[in-house]
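J.: structure, please.
(chains A and B)
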Amino acid sequence: MKKKTKTIKVDYLARVEGEGGLFIKIKDDAVVDVKLKIFEPPRFFEGFLRGRDFKEAPDITARICGICPVAYQMSAVHAMENAFGVKVEGPLRELRRLLYCGEWIESHTLHIYMLHAPDFLGYQDAIQMAKDHKGVVERGLKLKKAGNAIVSLLGGREIHPINVRVGGFYKVFEKQDFEPLKETLKWARDAALETVRWAAQMPFPEFEQDYEFVALRHAEEYPFNEGRLVSNKGLDISSSEYEEHFQESHVEHSNALHSILKERGAYFCGPMARYNLNFDRLSKLSQEAALQTGLGKECRNPFKSIIIRSIEVLYACDEALRIIESYEKPERPYVEVEPKAATGYSCTEAPRGILYHQYSLDEQGKILDAKIVPPTSQNQKTIEDVLRKFVPQYIELSQEKLTWQCEQAIRNYDPWISCATHFLKLNIERT
Amino acid sequence: MNAPDKTFLVVGVGNLYRCDDAVGIHIARNLNDRKTEYMIVKEQSGEGTSLMEAWEDYSHVLIVDAVSSGSPAGSVHRLDASKTIPSKFFSCSTHNFGVAEAIELSRTLNQLPEHLKLYGIEGKNFEPGELLSPEVELTVEKVADEIFQYITSIS
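T.: Residues are numbered from 1 along each chain as shown, chains lettered A, B, ... in the order given. Predicted coordinates:
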């Protein structure tokens, strides 16, 4: 009997940020090869940072990503403060959480409404979806704008915020400066609640995975900037121990580095990991909204990540309001920092997952070495492993439909390929 | 709050660390050094929904961005958003929901500025780095002059 081989090949994945490709080879109805191709340029920014002053790192690394500049700034300042033995507390710490709330609202809402929802509702893209669901798309745009309002005010401008510095901020605000944000965020919180309910009604395939979730966990808070790195399979370390437990290696088909846990291999970071490991740290409102959808305290279906992102948007609105209401202007906008020869480490929770920064510095604070590991390259191996299990369920579909299913499966992970790379392409081969 | 009718918004789009992708930012900064009460200059990364937020209060908008259409580097394309803008035109962007999608979504939602023009500067090197290609660098002053004269002649 003649054997069947099929190749699914998609050169450019649609509706993922950045560009990348996927190659899947199917032989006799079995998936024999999956390669997510990410073409990472030389680690330009790591090289670019060498020899620069530590104060430059937040603004330079913010340029790596147009969607998550706050995450790069937060990992950079916390790593520097870790190196110099500085702790930023009180209102300055709260303002950093507020800034992160803005970025989560922006980034998650963009993915939920513009990139992910069209998959579930059967549209090619958000533009087609807007023709039939104008009010929904308008709600998404307005909700994203609420996040932008936080970042613009606190960050000093709309993109690539410039108000963040090692030790705190260049400028802090009076309590009344936040007043206009209150009404915006109250509306946003209601809109986020509607978004959770709307997202939960999407049709979801039955598809659960035994992930190793990795996220920060803090003693009291849903994590943004601080906490231990934990997993559901026993990991419990500080960010400074990252190198001892995680390993990056080159794979032939991709220029991006594959990140694995040395002990167990692929792992998964991002909203689903945070949710599964920190449900009890969500606000009461967010917990209740989650449970009302029937989601439960744990979720292993990646398609339902759209609900979890919605819950995190709700949490971010709720948390932002809490911070604004309790805010008292700090005496000084920043804590003095004295450079010294040291190495600093930090993981913070970018919208897509843990973002690791490590800097070695000399006694003047000049950067001798930098290492940056973005969340998408950490999830790359998991995405490939999950596709190996996902494709067999749809093996009888036409090439076109199977390709669409694969693209949707990848979009579940909201890969931010431009954090890890510049260009990405998709291929499926059947023989 | 709506901007006065005669105020032009110029949005420079790009990434300073992607070589020729930065040309829109450089042109915006060149324009920002020239003072006229009729012009507001902003910088954007090119993420589409942020662009929509940036231009929502303006009826006259000029977008300046790097493009990759196969023309010689340094070519200047002038497009009017009253016609559909091909998304492949901006294939150098790393944003899937970028300039072209922002224009089409705005059109669908009846939110497109009344006058929206695009200046696309053909780039050739979008790799990480800070330097513009020589052919692209030559366009910075030239396009800034053209935009400034256009704005001052109408205002």
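J.: how near is residue A:77 to residue A:243?
T.: Here residue A:77 is placed at a distance of 20 Å from residue A:243 (CB to CB, to the nearest Å). Any C-beta I mention is one placed from the backbone N, CA and C, and that applies to glycine too.
J.: what helix or strand does residue A:24 sit in?
T.: Using DSSP states H and E, residue A:24 sits within strand A:21-27.
J.: for chain B, what lies in contact range of chain A?
T.: By CB under 8 Å from any CB of the partner chain, the residues of chain B that approach chain A are B:15-18, B:42-50, B:52-54, B:94-97, B:101, B:104-105, B:108-109, B:126-129.
J.: which among the residues you listed end up buried?
T.: Among those, those buried by neighbour count (16 or more other CB atoms under 10 Å in any protein chain shown) are B:15-18, B:42-50, B:52-54, B:94-97, B:101, B:104-105, B:108-109, B:126, B:128-129.
J.: among the residues you listed, which lie within strands?
T.: Residues of these located in strands (DSSP state E): B:42-44.
J.: which one of those residues sits closest to residue A:26?
T.: For these, the residue nearest residue A:26 by CB to CB is residue B:44; the value is 41.8 Å.
J.: give me the residues contacting the strand or helix carrying residue A:190.
T.: In the assignment (DSSP H and E), residue A:190 maps to helix A:179-200. For helix A:179-200, the surrounding residues in contact (CB atoms under 8 Å, 6 or more residues apart in numbering or on different chains) are A:105, A:109, A:112, A:117, A:136, A:139-140, A:142-143, A:146-147, A:149-150, A:153, A:285, A:289-290, A:292-295, A:306-307, A:309-311, A:313-314, A:316-318, A:320-321, A:324-325.
J.: do stretch A:294-308 as well
T.: Stretch A:294-308 has contacts (CB under 8 Å, 6+ apart) with A:112, A:116-117, A:120, A:196, A:199-200, A:202, A:204-211, A:270-272, A:275-276, A:279-280, A:290-291, A:293, A:311, A:386, A:408-409, A:412-414.
J.: which strands and helices lie in contact with the longest helix along chain B?
T.: The longest helix of chain B (DSSP state H) is helix B:134-154. Applying 3 or more CB pairs under 8 Å, 6 or more residues apart in numbering or on different chains; DSSP states H and E, we find helix B:134-154 packed against strand B:8-13, helix B:23-32, strand B:60-67, strand B:76-80, strand B:115-122.
J.: mind redoing it with 7 Å?
T.: On a contact count with 3 or more CB pairs under 7 Å, 6 or more residues apart in numbering or on different chains; DSSP states H and E, helix B:134-154 meets helix B:23-32, strand B:115-122.
J.: ok, so of the ones in strands among the buried ones among the residues of chain B next to chain A, who is nearest chain A?
T.: Comparing those against chain A with CB to the nearest CB places residue B:44 closest, at 5.9 Å.
J.: just grab the bridge partners of the nearest residue to residue A:378 once chain neighbours are set aside for me.
T.: For residue A:378, ignoring the flanking residues on the chain, the nearest one in space by CB to CB, 6 or more residues apart in numbering or on different chains is residue A:259 at 4.3 Å. Listed beta-bridge partners, residue A:259: residue A:248 (assigned using DSSP bridges).
J.: do you know how far residue A:259 is from residue A:72?
T.: Per CB to CB, residue A:259 is found 17 Å from residue A:72.
J.: more neighbours, those two?
T.: residue A:72 (28 against 24; other CB atoms under 10 Å in any protein chain shown).
J.: residue B:18 versus the residue in the stretch 1-150 of chain A that chain B sits nearest to, what's the distance?
T.: Of all residues in the stretch 1-150 of chain A, the one sitting closest to chain B is residue A:66 (2.8 Å; CB to the nearest CB). Counting by CB to CB, the separation of residue A:66 from residue B:18 is 11 Å.
J.: follow-up on the earlier one: now go through the contacts of stretch A:294-308 and say which are in helices.
T.: Among the contacts of stretch A:294-308, DSSP H puts A:117, A:120, A:196, A:199-200, A:271-272, A:275-276, A:290-291, A:311, A:386, A:408-409 in helices.
J.: out of those, the closest to residue B:23 would be?
T.: Using CB to CB, the ones in helices among the contacts of stretch A:294-308 come closest to residue B:23 at residue A:117, 33.6 Å.
J.: list the contacts for the closest one?
T.: If a contact means CB atoms under 7 Å, 6 or more residues apart in numbering or on different chains, then residue A:117 has residue A:129 as its contacts.
J.: try it again at 6 Å.
T.: Residue A:117 sits next to no residue when contact means CB atoms under 6 Å, 6 or more residues apart in numbering or on different chains.
J.: for residue A:34, which three-state class applies?
T.: In the three-state summary, residue A:34 is assigned as strand, counting by DSSP: H, G, I helix; E, B strand; the rest coil.
J.: contacting residues around it?
T.: Counting by CB under 6 Å, 6+ apart, residue A:34 touches A:24, A:384, A:387-388.
J.: which of those are buried?
T.: A:24, A:384, A:387.
J.: my read: residue A:129 touches residue A:123, true?
T.: Yes. With contact defined as CB atoms under 6 Å, residue A:129 counts as touching residue A:123 (4.1 Å).
J.: of the two, who's got more company?
T.: A count of neighbours by other CB under 10 Å puts residue A:129 above the other of residue A:129 and residue A:123, at 23 against 16.
J.: that one in helix, strand or coil?
T.: Assignment for residue A:129 (three-state DSSP): helix.
J.: what does residue A:349 give?
T.: Three-state call for residue A:349 (three-state DSSP): strand.
J.: need the pLDDT of the closest residue to it other than its chain neighbours.
T.: Distances taken as CB to CB, 6+ apart place residue A:223 nearest to residue A:349, at 5.1 Å, with adjacent residues excluded. For residue A:223, the pLDDT comes out at 98.
J.: could you give the number of residues near residue A:223?
T.: Residue neighbour count, defined by other CB under 10 Å, stands at 23 for residue A:223.
J.: please apply the same query to residue A:399.
T.: 13.
J.: how far away is it from chain B?
T.: 22 Å (CB to the nearest CB, to the nearest Å).
J.: now swap in residue A:240 and tell me
T.: To chain B, residue A:240 is 28 Å away according to CB to the nearest CB.
J.: what does the closest residue to that residue other than its chain neighbours show for phi and psi?
T.: Spatial nearest neighbour of residue A:240, excluding adjacent residues (CB to CB, 6+ apart): residue A:345 at 4.3 Å. With angles defined as degrees, to the nearest 10, residue A:345 sits at phi -130, psi 150.
J.: which one is whichever residue of chain B sits closest to chain A nearest to, not counting chain neighbours?
T.: Nearest to chain A, among the residues of chain B, is residue B:45, at 2.8 Å (CB to the nearest CB). Leaving aside its sequence neighbours, residue B:45 sits nearest to residue A:66 (CB to CB, 6+ apart; 2.8 Å).
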